[in-house]
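*Asks:* here is a sequence together with a model predicted from it:
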Amino acid sequence: MADKKPAAVFDYSRVGRQWQDQFAATADKVSRIIVMAERPLRRQKAEETDEAYDEYVQGFYDLKEHMGEDIRAQGKVQADLMAQVLVSVPREWLLPDAPEVIDWCNPDNLDLIQVSYYADMLEQVRSGEAMKKAKK
């Protein structure tokens with residue numbers, strides 16, 4: 001018999017279609033922001049003044065900064081949504097100073113999870129894998 005790998009436990013019986021729509025919307029928004037953020041800075045056009053190009057460059061980097069803020073805001077929305085379905089996390093995935101008893105319904109407590117495990121959990125929720133494995 002193979003050893004069962006530790007895994008986070010999710011329960012989707014507490015949420016409905018609206019939750020799924022909200023999570024899909026925020027994942028879509030993050031994807032669109034990433035596509036926009038990966039666009040390269042264009043070169044100065046021959047007919048463009050240095051001043052106009054400098055304004056373009058400043059606007060370009062201001063937009064990149066705003067995109068970073070948008071991604072962090074969507075990350076907060078996703079954390080709030082994940083906390084609605086998260087039941088438990090293996091102890092070995094937590095930071096060393098995490099308390100013994102943790103209320104996973106509180107999204108702030110997601111900060112107690114080591115970053116690599118949190119990223120994996122978020123990907124499982126995004127991909128639907130967590131829902132497939134969820135407690136019935």
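*Replies:* Yep, that arrived.

*Asks:* in this protein, which helix is the longest?
*Replies:* The longest helix of the chain (DSSP state H) is helix 50-85.

*Asks:* pull out the buried positions in that helix.
*Replies:* By neighbour count on 16 or more other C-beta atoms under 10 Å, the buried set for helix 50-85 is 67, 70, 74, 77-79, 81-85. C-beta coordinates here come from the backbone N, C-alpha and C atoms, glycine included.

*Asks:* show me where pLDDT drops low in the chain?
*Replies:* Within the chain, the stretches with pLDDT under 70 are 1-3, 135-136.

*Asks:* what about the strands in this structure?
*Replies:* Listed from the start of the chain, the chain has strands (DSSP state E) covering 9-10, 86-88.

*Asks:* now those as TSV including mean neighbour count?
*Replies:* Supplementary listing: the strands of the chain in TSV, determined by neighbours: other C-beta atoms under 10 Å:
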stretch	mean neighbour count
strand 9-10	20
strand 86-88	16
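
*Asks:* ok, which of these comes nearest residue 124?
*Replies:* Proximity to residue 124 (C-beta to C-beta) singles out strand 9-10 among the strands of the chain, at 8.1 Å.

*Asks:* for that closest one, which strands pair with it and how are they oriented?
*Replies:* Applying DSSP bridges, strand 9-10 is found paired with strand 86-88 (antiparallel).
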